[in-house]
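[1] Return a 3D structure for these sequence lines:
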Amino acid sequence: MIWTVEIPILPKGPNVYMRDHWAIHRRYKVNIASLLLANMPNRNLIPGPVRVTYTEFHARRPKDRTNLAGAYKPIEDQIVRLGILKDDTPEIVVDIQYAQEKVPHVRDQKCRIDIERI
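    Residues are numbered from 1 along each chain as shown. From the prediction side, this is the model:
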């Protein structure tokens, strides 16, 4: 079983995110939760262990591997908070993969989250 959701934003990299004010962090998390709720196929709990794949579709310069991984932590936290995953511990999330693909235009930018039960 694969649970897939696409949201029409690119997550902020950790270099940008860590410099933001706490109130901006809060709004960012609420925005991510709203986008996940609006675009997710269902809100059923996916029991672990799972493999999570984050794919970023970008029109500009790709993020380096470390920034790509850090950018998805707030999204992963919201997936847990919304009850899709029980937790984000290594016992539940056994494997995390990151991918990037180039798209022709900025309006096509998005990220896709695939959660596959192992």
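[2] Quick check: Pro62 touching Ala99?
    No. Using C-beta atoms under 8 Å, Pro62 is not in contact with Ala99; the gap is 10.2 Å. C-beta here means a position set from N, CA and C on the backbone, and glycine is covered the same way.
[3] what's the overlap in contacts for those two?
    Common neighbours of Pro62 and Ala99, using C-beta atoms under 8 Å, 6 or more residues apart in numbering, are Glu56.
[4] Can you give me the distance of the most centrally placed residue in the chain to Gln100?
    For the chain, Ile75 is the residue whose C-alpha lies nearest the centre (C-alpha atoms, centre = their mean; 4.0 Å). Here the criterion is C-beta to C-beta, to the nearest Å. By it, Ile75 lies 15 Å from Gln100.
[5] which residues of this protein fall in helices?
    Applying DSSP state H to the chain gives helices spanning 14-17, 22-39, 65-71, 73-81.
[6] For the residue nearest to the centre of the chain, give me its contacts.
    When the contact criterion is C-beta under 8 Å, 6+ apart, the partners of Ile75 are 7, 11, 32, 36, 54, 111, 113.
[7] for these, which one is nearest Pro47?
    Ile113 (17.1 Å; C-beta to C-beta).
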